[in-house]
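> I would like the atomic coordinates for the input below:
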Amino acid sequence: MKLPHFLLRTPMPAPADRVFAWHCRPGAFERLTPPWENVKVLEQTGTIENGGRVILMVRAGGFWRRWVAQHGDYQQGRQFCDVQVEGPFRSWRHCHRVVPDGDLCILEDDIEYALPMGSLGDFVGGALLRHKLERMFRYRHEITARDLALHQKYSEGSTMRIAITGSTGLVGSALVPFLTSGGHEVVPIVRNRTSGEDVSWTPEAGLIDAERLEGLDAVVHLAGENIAARRWNAAQKARIRDSRIQGTKVLCEALARLRRPPRVLVSASAIGFYGNRGDEELTEASASGTGFLPEVCREWEAATVAAEKAGIRVVHLRFGIILSPKGGALAQMLTPFRLGVGGRLGNGRQAMSWIALDDVVGTIYHGLATETLRGPVNTVAPKPVTNLEFTKTLGRVLGRPTMFPVPGFLARLAFGEMANDLLLASTRVVPEALLDSGYEFLYPDLEHALRHLLGRYGTMTPDDSANLPHLRREAGTST
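Numbering: from 1, shown residues only. A predicted model of the protein is given here:
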């Protein structure tokens, strides 16, 4: 009996050897895992060549299942396949092919599979699985094409040695595999060293293994206490402040003392710098606001002074609301919205300056590579929305009603001071420095960003294609 079959072919903006090399590098698997999927890598042995294995835990049918896949049928520069040894399918064979097409190539994912319980299994779960495969591989091809385009635009074959603080956080866990799959070397700066390549630091004690920072090309500083992790009190506000200011000072003073300092430091900041400003349009030239968050952001940015005096180009990325189902504000919204009990916060008129996680990674890379960029950089999408607009858009993407508003007094009762500064404050920020320096947003429009992040693509239309400048799609799926 002929087994069910899934095929997706997509033109890539790079030659075959570059596309295949991207798949061979560390981080490619993490980049290809959609953020809405529940997948845990337990063990990887070998490479994508014959005999390599990966052991995963995957969420299937509401339960965690162990999945062991083994690589085979490897053809250098053209193909590698994986076959299920143990897992949720009766059988599974997946071949990844890179097919030359003139100076570029076509990426092809070809899967032959069989569900448990034969015809009954296909009847019960066949349509759902095919939909799941279409979502997953559309995401994977889009990420592959866009990552390749970004590396080609900024690197041009050169690679960097980059140290990163906060490498396991929401942003760092997306940035690290992006860099390593592009051929760059990443050196994590961590509290508890786990390998000989890591740099150890204890910022609250003023300690960092500075000798291991020699020879870096760049540093990305992302570490800091999660600002929304718990209700604010005096102790929590002190942790938020100290984790940013003290950590930044310790790092920058160590970089300034190096025999050969890195060329660039990209350091996190936040649009909290501006405070609650109503409908005022805010650029990098706008004055700082008043209150706890503006004070923290001002001191946070000022703590890089030692690096600047040492001649290091410093870029302060003032992050807006970072959207990802893996963490942050969007992750917290998903459960009530999926249950149909989501709604606006307060009156819903407050401006939300947001950015998709993929564009956060892109802007960090842009900051590393763009010599003319320095100082404050508003890291937000070019189209801020009101909270009401965000609410309606998320409900539309999820196919759920949004009729349960959260009054402002309830938000203040639940979250205290944090509600005023994070949930109900209005900060309408525009990314003037990014646009002026030539950054091209991958997801400038909120609905396209949410559909990408949540895998809610729907039917591809010509308008959708216009919003995917790095991805030229020619072929769909067949089963």
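> quick one: contacts for I364?
By Cβ atoms under 8 Å, 6 or more residues apart in numbering, the contact set of I364 is V171, L175, V220, V266, L317. Quick note: C-beta positions are derived from backbone N, CA and C, even for glycine.
> any chance of these in JSON lines, plus secondary structure and distance to V85?
JSON lines is the format used below for those (DSSP: H, G, I helix; E, B strand; the rest coil; distance: Cβ to Cβ, whole Å):
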{"residue": "V171", "secondary structure": "coil", "distance to V85": "35"}
{"residue": "L175", "secondary structure": "helix", "distance to V85": "32"}
{"residue": "V220", "secondary structure": "strand", "distance to V85": "38"}
{"residue": "V266", "secondary structure": "strand", "distance to V85": "42"}
{"residue": "L317", "secondary structure": "strand", "distance to V85": "43"}
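> which one of these sits closest to G87?
L175 (30.0 Å; Cβ to Cβ).
> ok, how many other residues are close to the spatially closest residue to R277 that is not a sequence neighbour?
What sits nearest to R277 in space, not counting adjacent residues and going by Cβ to Cβ, 6 or more residues apart in numbering, is T427, at 5.9 Å. When neighbours are defined as other Cβ atoms under 10 Å, T427 has 26 of them.
> quick one: residues contacting T427.
Neighbour list for T427: I271, G272, Y274, G275, N276, R277, L282, G320, A351, S353 [criterion: Cβ under 8 Å, 6+ apart].
> next one: N192
Neighbours of N192 in contact, by Cβ under 8 Å, 6+ apart: S200.
> excluding chain neighbours, what is closest to the residue nearest the centre of the chain?
Per Cα atoms, centre = their mean, the C-alpha nearest to the average position across the chain is that of L357, at 3.8 Å. Leaving aside its chain neighbours, L357 sits nearest to S324 (4.1 Å; criterion: Cβ to Cβ, 6+ apart).
> now the phi/psi pair for the residue nearest to the centre of the chain, please.
phi -60, psi -40 (degrees, to the nearest 10).
> so which elements touch the longest helix along the chain?
If each helix of the chain is counted by residues according to DSSP state H, the longest one is helix 118-154. Secondary-structure packing of helix 118-154 (3 or more Cβ pairs under 8 Å, 6 or more residues apart in numbering; DSSP states H and E): strand 5-12, helix 16-24, helix 28-32, strand 104-114, helix 357-369, strand 477-478.
> burial measure for the residue nearest to L357, as a count.
Neighbour count of S324, defined by other Cβ under 10 Å: 21.
> now do the same for it: its pLDDT.
At S324, the model reports a pLDDT of 97.
> in the stretch 301-450 of the chain, which spans are strands?
Under the criterion DSSP state E, counting those that start in this stretch, strands of the stretch 301-450 of the chain are mapped to 313-319, 321-323, 351-352, 354-356, 375-379, 385-386, 428-429.
> so the longest one versus strand 375-379, what angle?
Going by axes from the mean of the first three to the mean of the last three Cα atoms, to 10 degrees, strand 313-319 is angled at 30 degrees with respect to strand 375-379.
> what's stretch 230-239 in contact with?
In contact with stretch 230-239 (Cβ under 8 Å, 6+ apart) are residues E225, A229, I240, F292, F415, G416, E417, M418.
> specify the local secondary structure of the closest residue in space to the second one that isn't next to it in sequence.
It refers to A229. Nearest residue to A229 in three dimensions, chain neighbours excluded: Q236, at 8.0 Å (Cβ to Cβ, 6+ apart). Secondary structure state of Q236, per DSSP: H, G, I helix; E, B strand; the rest coil, is helix.
> check what pLDDT Q236 gets.
Note for Q236: predicted pLDDT of 93.
> number of residues surrounding it?
15.
> L339 too?
L339 has 10 nearby residues by other Cβ under 10 Å.
> how about G416?
Should you count by other Cβ under 10 Å, G416 turns out to have 13 residues around it.
> buried sites along the lengthiest strand in the chain?
Determined from DSSP state E, the single longest strand within the chain is strand 63-75. Residues of strand 63-75 classed as buried by neighbour count (16 or more other Cβ atoms under 10 Å): W67, V68, A69, Q70, H71, G72.
> from memory the fourth one sits against V85, does it?
Spelled out, it's Q70. Yes - counting by Cβ atoms under 8 Å, Q70 does reach V85; the two are 5.2 Å apart.
> what residues are shared contacts of these two?
Common neighbours of Q70 and V85 (Cβ under 8 Å, 6+ apart) are R53.
> tell me the buried residues in stretch 275-294?
Quick answer for stretch 275-294 (16+ other Cβ under 10 Å): G275, N276, R277, L282, E284, S286, G289, F292, L293, P294.
> can I get these in TSV with distance to H184?
Listed next are the buried residues of stretch 275-294 as TSV, based on distance: Cβ to Cβ, whole Å:
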residue	distance to H184
G275	36
N276	39
R277	37
L282	33
E284	27
S286	34
G289	36
F292	36
L293	32
P294	34
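> picking that back up, can you tell which of the helices and strands packed on helix 118-154 is closest to V124?
Smallest distance to V124 across these (Cβ to Cβ): 13.5 Å, for strand 104-114.
> how near is W354 to E389?
With distances defined as Cβ to Cβ, to the nearest Å, the gap from W354 to E389 amounts to 11 Å.
> so the two - more neighbours on which side?
More neighbours surround W354 than the other of W354 and E389, with 23 against 17 (other Cβ under 10 Å).
> next up, the contacts around the nearest residue to that one once chain neighbours are set aside.
Spatially, and ignoring its direct neighbours in sequence, W354 is nearest to I321 (4.4 Å; Cβ to Cβ, 6+ apart). Applying Cβ under 8 Å, 6+ apart, we find I321 in contact with G328, A329, M352, S353, W354, I355.
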